[in-house]
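Participant: Any chance you can model this:
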Amino acid sequence: MKIISYPLSALHYLIFGSLLLIFHPIQWIAIHAFGRKTHKAVVDFLNFLLVHVMWMTGNRSYLTFESPLPENTPLIFVANHQSVYDIPPLIWFLRKYAIRFVGKKELGNGTPSITINLRHNGSVLIDRSKPQNAIPQLIEFGKSLQANNDAGFIFPEGTRRRDGKPKPFKTKGLEAIMSQMPDGYVVPLTINNSWKVLKYGAFPMGLGNKITFYVHTPIKIDLNNINQQIVEVEKLVVSKII
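Facilitator: The predicted structure is shown next:
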């Protein structure tokens, strides 16, 4: 099986990388000539393609909602993090919510398509080596979600695990965001099996994995009970990890 993965992985990376390069100038044009709505449509289509490029290695993604999410209200999605291949399915499956990510500052280093999207879609990039600077950024991020009824996304583990086992949540960032969202909901989300795509490292890729995203029932944010709610969210996320 691993032997077969070498040519399939090479083809995957060729197409995946080419799509990032091709869509980078298309995003630039969309942003500067047509605005945010068109830019989002371009990003959605790019991630639709990236999700389906994964099919050539037999890696397919599925998302399930436990219950409907509230409409026209601020949301903050909270998930475990298993690999870089978490991101394209999340953007595509949750395109209705135009999610904005909390990411590490290294993602702003000029990676084709990725950096331009994060810099122009309202995401926030933080320096994990300077947490004292991150909290004010995340407070502003929460205020923006509240004011615009937008949806944010954060991986409170900080860094992804390469074996699928969850790390304890780092709670200060999520607490800062939730504290600014009195009308909002926190949405726990559990990711499974995306780590298996990189079980051999970056090359070759793991083949034939069913990557799942389980969206739990949203929890109305209670500003007087944020810390306990974060504990509850972490338990829900972990409860569905295989």
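
Participant: Can you give me the buried ones in the top helix by length along the chain?
Facilitator: Ordering each helix of the chain by length in residues (DSSP state H) puts helix 2-29 first. Under the neighbour-count criterion of 16 or more other Cβ atoms under 10 Å, helix 2-29 has Ser5, Ser9, His12, Phe16, Leu19, Phe23, His24, Ile26, Gln27 buried. Backbone N, C-alpha and C define where each C-beta goes, glycine included.

Participant: Over to the residue positioned nearest the centre of the chain. Which of the three states is it?
Facilitator: For the chain, the residue whose C-alpha lies nearest the mean C-alpha position (Cα atoms, centre = their mean) is Ile87; its distance is 4.6 Å. Using DSSP: H, G, I helix; E, B strand; the rest coil as the criterion, the local structure at Ile87 reads helix.

Participant: report the angle between the axes of whatever helix or strand comes next after the longest helix of the chain and helix 2-29?
Facilitator: Per DSSP states H and E, the first helix or strand lying C-terminal to helix 2-29 is helix 36-53. Taking axes from the mean of the first three to the mean of the last three Cα atoms, to 10 degrees, one finds helix 36-53 and helix 2-29 inclined to each other by 170 degrees.

Participant: so the closest residue to Val233 other than its chain neighbours, which of the three states?
Facilitator: Excluding the flanking residues, the one nearest Val233 by Cβ to Cβ, 6 or more residues apart in numbering is Pro188, at 4.7 Å. When the structure is reduced to helix, strand and coil (three-state DSSP), Pro188 reads as strand.

Participant: what residues are up against Pro188?
Facilitator: If you count contacts by Cβ atoms under 8 Å, 6 or more residues apart in numbering, Pro188 has them with Val78, Ala79, Val215, His216, Ile219, Val233, Leu236, Val237.

Participant: distance of it from Ala79?
Facilitator: Distance from Pro188 to Ala79, counting by Cβ to Cβ, to the nearest Å: 8 Å.

Participant: Quote the end-to-end distance of stretch 210-221.
Facilitator: From its first residue to its last, stretch 210-221 covers 32 Å (Cα to Cα, to the nearest Å).

Participant: Quick one: distance of it to the chain centre.
Facilitator: Shown here is stretch 210-221, whose average C-alpha point lies 13 Å from the average C-alpha point of the whole chain (Cα atoms, centre = their mean, to the nearest Å).
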